[in-house]
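Colleague: Fold the following.
(one chain, ligands or ions: 1)
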Amino acid sequence: MYLKNKKILVIVGGGIAAYKCLDLIRILKRGNNEVKSILTKSGKEFVTPLSITTLSKTNTYEDIFDKTSEAEIDHISLSRWADIIIVMPTTANFMTKLSIGKAEDLATTVILASNKDILLVPAMNVRMWIHKATQKNLKILQDYGYLFLGPEKGEMACGEYGEGKMSSPRQIIAYLENYFNKRDLIKKKRLKALVTAGPTREYFDPIRYISNESSGKQGYEIALALNKFGFKTTLITGPSNINFQKDIKIKKVVTAEEMFNEVKNSLPADVAICAAAVTDLKPLKKNKNKIKKDDLIFKSLNFQKNKDILEFLGKNNRFRPKLVVGFSAETENLVNNSIYKMKRKNCDLIIANNVSKKDIGFDSDYNKVSIIDNKGNTKIIKKSRKSFVANKIAEIVLNKLLDNNKLFN
Ligand SMILES: Cc1cc2nc3c(=O)[nH]c(=O)nc-3n(C[C@H](O)[C@H](O)[C@H](O)COP(=O)(O)O)c2cc1C
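Modeller: A predicted model of the protein is given here:
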């Protein structure tokens, strides 16, 4: 078994498939992995803490107000400790709780307090699974970035056949092997990612500038997703209201020229994703003093082109990243304009997004994009949270790097 020396937190929910957690824990322990477990109140009806404790060789957690161990603040320490959190079985009820952000017991509080990946392994009667409420929760949870495995089609404990059967412990192990395999390789090779985000501002006097409505949200989410995959990530961002987390390296800039210089200084990198909406033009000169109103009206401003960061990366002979990814914000002819841009700037992938709609794109929490590669393959991501779109982009970037075979031989 590949899976070794990982720290896995298993949360056991209140479904008939709960007994299978014992098998998972047994296999994980054979691979020298550390396992800690939380049993929900309903989970305890299906499997005993004694069985879990015996197999995991450590205490099973149950109560958020545990007088003996809360000195450590379990919901924080467990989340910090884990490499990944698995909820098996994830019941319909548990999905509802997560979808509304409940923190009513140890299991839900650990999850809400965690910045680790959380793998949900649902199991329920087929009608519970296809119920509109459950499907709505599924969409919400996917948007929030929860990972899902299953459910599978098959015969269920209730005697019915359909989608709702929990993925087997072997399938969960295969998922985890693939999950850690990729991340361990990225860490071992110390792969570097460079992401640009936000707008730039081009000042024509000390207080006035031209810019655009980019919020930086999409680029920031991409940096977070790549960071979670194990890339050493640098985010170069124009002015933005986002509260940046400390675990990625942030370089704040204002103008396109500053962004260009920071990008150049951050090379070499294995992948560069240019999500920033760089202002194409800058005023020929920046006035030392505020330009008077009448002068503004009667004096036309002269502009020059800013340096093209994406083209610089795509055509860089010495330090070209193995993968150069551009964003193409368009209001018309989305796909054709984007493919033209990809070819002109020698990128490997282009993310086309329509910025003419208010509910997606600039400043919205949602986006809808087409991811196009230089062979013309296209993947459409329907309207989703920017964090979800970012994860999809990060996955595709990762697969492209793996397929290239240059990095992982
Ligand atoms: C015998 C029995 C089996 C159950 N199996 C499931 C199941 O497989 N999936 C599910 O979603 N709920 C199932 N339920 C209902 C859950 O136990 C119930 O919704 C519970 O509140 C879920 O607790 P949790 O949120 O801690 O997982 C079952 C209930 C009983 C009595």
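Colleague: and whatever residue of the stretch 151-300 of the chain ends up closest to the ligand, what is it in contact with?
Modeller: Minimum separation of the stretch 151-300 of the chain from the ligand (Cβ to the nearest ligand atom) falls at Ala157, amounting to 6.9 Å. For glycine as for every other residue, the C-beta is placed from the backbone atoms N, C-alpha and C. Residues counted as contacts of Ala157 (Cβ atoms under 8 Å, 6 or more residues apart in numbering) are 16-17.
Colleague: Next, give phi and psi for it.
Modeller: Main-chain torsions, Ala157, degrees, to the nearest 10: phi -60, psi -30.
Colleague: could we number from 24 for the rest of this?
Modeller: Yep, numbering from 24; the last one is Ala180 now.
Colleague: pLDDT value on it, please?
Modeller: If you check Ala180, the pLDDT there is 76.
Colleague: Also Asp386?
Modeller: For Asp386, the model assigns a pLDDT of 66.
Colleague: Not counting the helix or strand hosting Ile195 itself, show me its contacts.
Modeller: Per DSSP states H and E, Ile195 falls inside helix 192-211. Contact with helix 192-211 is made by 24-26, 29, 31, 43, 46-47, 50-51, 106-107, 109, 111, 140, 142, 144, 172-173, 175, 190, 252-254, 421, 425, 431, as judged by Cβ under 8 Å, 6+ apart.
Colleague: so after that helix, what's the next helix or strand?
Modeller: strand 215-220.
Colleague: For the following helix or strand past that next one, what does the pLDDT average out to?
Modeller: Once the chain leaves strand 215-220, the next helix or strand it forms, by DSSP H and E, is strand 225-226. Averaging pLDDT along strand 225-226 gives 93.
Colleague: Run me through the strand neighbours of the helix or strand just after strand 225-226, direction for each.
Modeller: Downstream of strand 225-226, the next assigned helix or strand under DSSP H and E is strand 232-233. Strand 232-233 has its sheet partners listed here by DSSP bridges as strand 225-226 (antiparallel).
Colleague: now the partner strand: how far from the chain's centre is it?
Modeller: Offset of strand 225-226 from its chain centre (Cα atoms, centre = their mean, to the nearest Å): 32 Å.
Colleague: What strand or helix carries Gly349?
Modeller: Here Gly349 sits within strand 346-353, counting by DSSP H and E.
Colleague: and what of Ser393?
Modeller: Ser393 is part of strand 389-396, with elements assigned from DSSP H and E.
Colleague: Same check on Lys176?
Modeller: strand 175-178.
Colleague: quick one: strands adjacent to that strand?
Modeller: When pairing is defined by DSSP bridges, strand 175-178 lines up against strand 184-188 (antiparallel).
Colleague: Asp331 is in contact with Arg367, correct?
Modeller: No - under the criterion of Cβ atoms under 8 Å, Arg367 makes no contact with Asp331, lying 9.5 Å away.
Colleague: out of these two, which sits in the more crowded spot?
Modeller: Legend: neighbour count by other Cβ atoms under 10 Å for Arg367 and Asp331, higher for Asp331 (17 against 14).
Colleague: contacting residues for the more buried one?
Modeller: Going by Cβ under 8 Å, 6+ apart, Asp331 touches Lys368.
Colleague: Please tell me how far it sits from Met282.
Modeller: To Met282, Asp331 is 11 Å away according to Cβ to Cβ, to the nearest Å.
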